[in-house]
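Participant: 3D model of this:
(one chain, ligands or ions: 1)
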Amino acid sequence: ILSPKLLDIYDVSDNIVVIIDVFRATSTIATALYNGAKRVIPVDVVDKCIEIGMQTGGITAGERDGKIIPGLAHGNSPAEYPRSFIEGKTLVLTTTNGTKLLHMALNKGAAEVVTGSFPNLSAVCKYLVSQQKNVILGCSAWKDRFNLEDTLFAGAVIQQVKEHFTIHCDSSLMAADMYALHQNDIHQFIRKTTHWHRLASYGLESDLEYCVTPDVANILPIYRNGDLVVANS
Ligand code: MLT
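Facilitator: Model prediction:
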């Protein structure tokens, strides 16, 4: 799916839904878990994030419109979660689009929810191939509008797994073609995106470069009883 609004037209009840928010929520989730976070609790609204942070003793974090929210301890930058800081801790995260789509998928009864981004591209693909279930690649996009970077990642997944699946929708074919066209100039291509310009104006270019680097946090975050945790491989 290319934007959250389109989730409504799918029956997700027998699907693995891969939540994709390349810039930056799902890149941050993969990084925090790769660096040893005990769990990431994804939250859709800020007040709930603060409340869950108090109940669990977790680190509250997140953004709205790309900026750190007053009242939360940390932001949505993967660089904020090195092993020396996050190992063994709980991260309670709320973001503009990524954690919102994740909750939409849960509310619609998704059979399984995992998160994907370039930093954990291979782990996502390996998992999807091993499961052989129906898959929805859910692009969080930007405030219900299409975006390029999440579509690019969906295309990267499709390119790696396509031999093992039947593709039922034209948007997937389009994403795969777009990725094939730009896979050798990704770092240039993503500079066109609107969210690049938004975040670069806050001085976050290094986050953006990191978020399109494959397999630097190559674990699979999977949703289990309120938490995103590392799936057993
Ligand atoms: C989101 O969930 O919309 C993003 O992660 C926003 C951001 O870049 O921080």
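Participant: the least confident helix or strand in the chain by mean pLDDT: partners in the sheet, and parallel or antiparallel?
Facilitator: Counting by mean pLDDT, DSSP states H and E, the chain has its least confident helix or strand at strand 67-68, which shows a mean of 88. Using DSSP bridges, the strands paired with strand 67-68 are strand 59-64 (antiparallel).
Participant: not counting sequence-adjacent ones, nearest residue to residue 41?
Facilitator: Spatial nearest neighbour of residue 41, chain neighbours left out: residue 92 (4.6 Å); criterion: Cβ to Cβ, 6 or more residues apart in numbering. Every residue, glycine included, has its C-beta placed from N, CA and C.
Participant: what bridges to that neighbour?
Facilitator: Counting by DSSP bridges, residue 92 forms beta bridges with residue 41, residue 60.
Participant: contacting residues for it?
Facilitator: Counting by Cβ atoms under 8 Å, 6 or more residues apart in numbering, residue 92 touches 40, 41, 43, 49, 52, 53, 56, 58, 59, 60, 61.
Participant: just checking, residue 27 touches residue 78?
Facilitator: Yes. Counting by Cβ atoms under 8 Å, residue 27 does reach residue 78; the two are 5.3 Å apart.
Participant: ok, now which ones touch the residue nearest to the spatial centre of the chain?
Facilitator: Compute the mean C-alpha point of the chain, and by Cα atoms, centre = their mean the closest residue is residue 26, 2.5 Å away. By Cβ under 8 Å, 6+ apart, the contact list for residue 26 reads 19, 20, 98, 115, 116, 117, 140, 221.
Participant: partner strands of the strand or helix carrying the first one, with direction?
Facilitator: Counting by DSSP states H and E, the secondary-structure element that holds residue 19 is strand 15-20. The partner list of strand 15-20 in its sheet, established with DSSP bridges, is strand 112-116 (parallel), strand 134-139 (parallel).
Participant: need these in a markdown table with mean neighbour count, can you?
Facilitator: Output for the strands paired with strand 15-20, formatted as a markdown table (neighbours: other Cβ atoms under 10 Å):
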| stretch | mean neighbour count |
| --- | --- |
| strand 112-116 | 26 |
| strand 134-139 | 24 |
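Participant: please convert those to a markdown table, extending it with distance to the ligand.
Facilitator: Putting these into a markdown table (distance: least, Cβ to the nearest ligand atom, whole Å) gives the following:
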| stretch | distance to the ligand |
| --- | --- |
| strand 112-116 | 11 |
| strand 134-139 | 11 |
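Participant: got CSV for those strands, with distance to residue 123 and mean pLDDT too?
Facilitator: CSV is the format used below for the strands paired with strand 15-20 (distance: least, Cβ to Cβ, whole Å; pLDDT from 0 to 100):
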stretch, distance to residue 123, mean pLDDT
strand 112-116, 8, 98
strand 134-139, 14, 96
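Participant: quick check: residue 128 touching residue 134?
Facilitator: No. Contact criterion Cβ under 8 Å: residue 128 and residue 134 do not qualify, at 10.2 Å.
Participant: overlap of the contact sets of those two?
Facilitator: residue 16.
Participant: report how many residues lie close to the closest residue to residue 4 other than its chain neighbours.
Facilitator: Spatially, and ignoring its direct neighbours in sequence, residue 4 is nearest to residue 101 (4.9 Å; Cβ to Cβ, 6+ apart). Residue 101 has 30 neighbours, counted by other Cβ atoms under 10 Å.
Participant: with residue 86 instead?
Facilitator: Neighbour count of residue 86, defined by other Cβ under 10 Å: 22.
Participant: list the contacts of it.
Facilitator: Applying Cβ under 8 Å, 6+ apart to residue 86 gives the contacts 32, 35, 36, 37, 59.
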